[in-house]
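Asker: Okay, here's the prediction I keep looking at, along with the sequence it came from:
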Amino acid sequence: MEAQWLAEYPHQAADNRPRKRPRLAWDAAPQLFPPPKAIPMLYCGQELINGNFTTAFLPPPPIYYAGPPRNLSPPWRPDDKDGHYVFTLGENLTPRYRILSKMGEGTFGQVLECWDLENQESVAIKIVRSLQKYREAAMIEIDVLQRLGKHDFTGSRCVQIRNWFDYRNHICIVFEKLGPSLYDFLRKNNYRSFAIDLVREFARQILESVTFMHDLRLIHTDLKPENILLVSPDTIRVHDYKFSFFSMKIPIRPPKDGSVFKNLPKSSAIKLIDFGSTTFDHQDHNYVVSTRHYRAPEVILGLGWNYPCDLWSVGCILVELCSGEALFQTHENLEHLAMMEKVLGPLPKHMIARADRRAEKYFRRGLRLDWPEGAASRESMKAVWKLPRLQNLVMQHVDHSAGDLIDLLQGLLRYDPDERLKARQALQHPFFTRCHRRCGY
Ligand SMILES: Nc1ncnc2c1ncn2[C@@H]1O[C@H](COP(=O)(O)OP(=O)(O)OP(=O)(O)O)[C@@H](O)[C@H]1O
């Protein structure tokens, strides 16, 4: 709990004292890095000590207020209009954590790189928006993270939660600090695709993490390159032989920046993050889930969804890692379904027949997709027309093991969720088990 709480605690213990006025200045002048050790404080969460969650150490409350403690938080400020916590770099977030930089932002809140003064390490803290619905979702995310942490003995599948607390009406979740997301990496590399052997390494780890989650009866529901983080931020710069002038290979689609160098992650280790939308499989599964590009057809058609929706997302992610671009770049349901048909062939009749009231308008007489007749614009029609069949798309980007990859993707991108490959089955696919010629990343 925040510093103000410590200062106010005596009022709660002996209610006859006047209420303390809000502080209008720093508790102590901001200090330069590296800062001194933090004052022990009370958290409403639990702390992970030696792999076990324990109730955080609670110092005995002071009976008499002995003046403001040093090195605490900045004066209280209002949140921004969306309920985001307002901060300045270099100041403290609770006396234990010093804010170093902003690492990311999502629907749920902001992620800040902080220095943990107690453990003397960098951590990533997700500061959840102060709105009630996000606070409630954050408590579910904490529950999921604790469950994952309890079973992930190697700590290699999903991001590790270190701590959590409620600070000025913001739930704050403290994570181990990881490197950039696969999306960040693609973007900084000018959307150059990853080499097939590296895609295989990523695919194997993603599927192992999904198997792990599904075994715990958890469905992630928001798998996408933004939610897959490299463990290490280290990179190496290498010659991109695929597109080199001197290369014997034929460059099918040269990189947009024309450079013959590319960055590679030094280590291929990755972990899943963002369990804010994760559900337990006994819950009601009719609402819309997943970020648009990675959303499974059964979600769009309102057929109800379960574990297989994660495997569809994995299929879309793998195509993106091989090609450098999102497979279904759309923001609209009918166009999205038309893109699926262009890449994967016609939707099965039995799924069309079961489409719910909101989705039945995408079909003509309940028999076939209302496309191109129902297209919103010529641009929309062009975006669909230009998409190749899955086989051709993979062949454009992959120089070896294309056959195995196409077969795996056809299993992951099967329309019918009952027929779609399960995570564990996918790991047994020849794309992973066959001895492939390795040509380096
Ligand atoms: N442990 C971490 N280490 C490093 N960066 C992280 C970490 N966790 C999150 N991030 C960064 O912060 C971003 C937002 O995190 P996260 O996806 O958990 O937030 P969110 O609000 O739930 O997002 P969304 O809108 O996708 O639901 C990530 O894309 C990533 O760039």
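Answerer: It's in. Numbers count the residues shown, from 1 in each chain.
Asker: how many other residues sit next to Gly366?
Answerer: 11 (other CB atoms under 10 Å). C-beta: built from backbone N, CA, C; applies to glycine.
Asker: contacting residues for it?
Answerer: Counting by CB atoms under 8 Å, 6 or more residues apart in numbering, Gly366 touches Ile352, Ala353, Ala355, Glu360.
Asker: In this structure the first one contacts Arg365, no?
Answerer: Okay, so that is Ile352. No. Between Ile352 and Arg365 there is no contact under CB atoms under 8 Å: 10.2 Å.
Asker: Mind checking which of the two has more residues around it?
Answerer: Neighbours per residue (other CB under 10 Å) separate Ile352 from Arg365, with Ile352 holding more: 20 against 6.
Asker: show me the contacts for that one.
Answerer: Going by CB under 8 Å, 6+ apart, the list of residues near Ile352 reads Leu301, Phe363, Gly366, Leu367, Arg368, Leu369.
Asker: measure the third one to the ligand for me?
Answerer: The spacing between Gly366 and the ligand, counted by CB to the nearest ligand atom, to the nearest Å, is 35 Å.
Asker: Return the member of the contacts of Ile352 nearest to the ligand.
Answerer: Lowest distance from the ligand to those (CB to the nearest ligand atom) belongs to Leu301, with 23.3 Å.
Asker: what about Cys150, neighbour count?
Answerer: To be clear, residue 150 is Lys; Cys isn't right here. 12.
Asker: And Gly83, by the same measure?
Answerer: 17.
Asker: go on, Glu113?
Answerer: By other CB under 10 Å, neighbour count at Glu113 equals 18.
Asker: my guess is it meets Arg98, correct?
Answerer: No. Glu113 is not in contact with Arg98 according to CB under 8 Å; the separation is 9.9 Å.
Asker: Grab the nearest non-local neighbour of the residue nearest the centre of the chain.
Answerer: The residue lying closest to the centre of the chain (CA atoms, centre = their mean) is Asn227, at 2.0 Å. Excluding the flanking residues, the one nearest Asn227 by CB to CB, 6 or more residues apart in numbering is Asp274, at 4.4 Å.
Asker: Now do the same contact list for the one you found.
Answerer: Gly106, Asp222, Glu226, Asn227.
Asker: Quick check: it is in a helix.
Answerer: No. According to DSSP: H, G, I helix; E, B strand; the rest coil, Asp274 belongs to no helix; its state is coil.
Asker: Just read off the phi/psi values of it.
Answerer: The phi and psi values for Asp274, taken as degrees, to the nearest 10, are phi 60, psi 80.
Asker: Equivalent analysis for Asn92, please.
Answerer: Here the main-chain torsion angles of Asn92 (degrees, to the nearest 10) amount to phi -90, psi 140.
Asker: how deep is it tucked in, by neighbour count?
Answerer: With other CB under 10 Å as criterion, Asn92 counts 25.
Asker: do Leu89 as well
Answerer: By other CB under 10 Å, the residues close to Leu89 number 12.
Asker: quick one: which of the contacts of Ile352 is most hemmed in?
Answerer: In terms of neighbour count, Leu301 stands highest of the contacts of Ile352 at 23 neighbours, by other CB under 10 Å.
Asker: Return the residues of the stretch 151-300 of the chain in contact with the ligand.
Answerer: Val159, Phe175, Glu176, Lys177, Leu178, Ser181, Glu226, Asn227, Leu229, Ile273, Asp274, Gly276 (CB under 6 Å from any ligand atom).
Asker: list the contacts for Ala137?
Answerer: Phe108, Val128, Gly276, Ser277.
Asker: from what I can see the last one touches Val289, true?
Answerer: In this case it means Ser277. Yes. Assessed by CB under 8 Å, Ser277 is found in contact with Val289 at 6.3 Å.
Asker: what do the two both touch?
Answerer: Common contacts of Ser277 and Val289, defined by CB under 8 Å, 6+ apart, comprise Thr221, Asp222.
Asker: Can you pull the domain assignment for this structure?
Answerer: 3-17+68-176, 182-439 (automatic domain parsing).
Asker: Quick one: distance of the longest one to the chain centre.
Answerer: This points to domain 182-439. Distance of domain 182-439 from the chain centroid (CA atoms, centre = their mean, to the nearest Å) equals 15 Å.
Asker: Can you check the pLDDT for the residue of the stretch 201-350 of the chain found nearest the ligand?
Answerer: Per CB to the nearest ligand atom, Asp274 is where the stretch 201-350 of the chain lies closest to the ligand, at 3.5 Å. Asp274 is assigned 95 on the pLDDT scale.
Asker: so is Val111 in a helix, a strand, or just coil?
Answerer: strand.
Asker: For the ligand, see how far away it is.
Answerer: 3 Å.
Asker: ok, the host helix or strand of Trp115: who's next to it in the sheet?
Answerer: Per DSSP states H and E, Trp115 falls inside strand 109-116. Partners of strand 109-116 in the sheet, by DSSP bridges, are strand 97-105 (antiparallel), strand 121-128 (antiparallel).
Asker: And the strands in the stretch 251-400 of the chain?
Answerer: 261-265, 270-272, 279-280, 363-364, 368-369 (DSSP state E, counting those that start in this stretch).
Asker: Now Ser290: phi and psi?
Answerer: phi 80, psi 150.
Asker: Spit out the contact partners of it.
Answerer: Neighbour list for Ser290: Thr221, Asp222, Leu223, Lys224, Ala296, Val299, Cys309, Ser313 [criterion: CB under 8 Å, 6+ apart].
Asker: okay but the fourth one is in contact with Ile317, surely?
Answerer: Yes. In terms of CB under 8 Å, Lys224 counts as a neighbour of Ile317; the distance is 6.6 Å.
Asker: the more surrounded of those two?
Answerer: In this view Lys224 and Ile317 are compared by other CB under 10 Å, and Ile317 has more residues nearby, 26 against 22.
Asker: His293 is in contact with the more buried one, correct?
Answerer: No. With contact defined as CB under 8 Å, Ile317 does not reach His293; the gap is 9.4 Å.
Asker: overlap in contacts of the two?
Answerer: Common neighbours of Ile317 and His293, using CB under 8 Å, 6+ apart, are Lys224.
Asker: Name the nearest residue to Val288, sequence neighbours excluded.
Answerer: That would be Val299: by CB to CB, 6+ apart, it lies 6.1 Å from Val288.
Asker: brain fart, Trp115
Answerer: Closest residue to Trp115 in three dimensions, ignoring its sequence neighbours and counting by CB to CB, 6+ apart: Arg98, at 4.5 Å.
Asker: Mind pulling up the pLDDT for the one you found?
Answerer: Confidence score, pLDDT, at Arg98: 97.
Asker: mean pLDDT lowest for which of the domains of the chain?
Answerer: When these are compared on mean pLDDT, domain 3-17+68-176 scores lowest, with a mean of 86.
Asker: Looking at the contacts of Ser290, which two lie furthest apart in space?
Answerer: Greatest spacing in the contacts of Ser290, by CB to CB: Lys224 and Val299 (13.8 Å).
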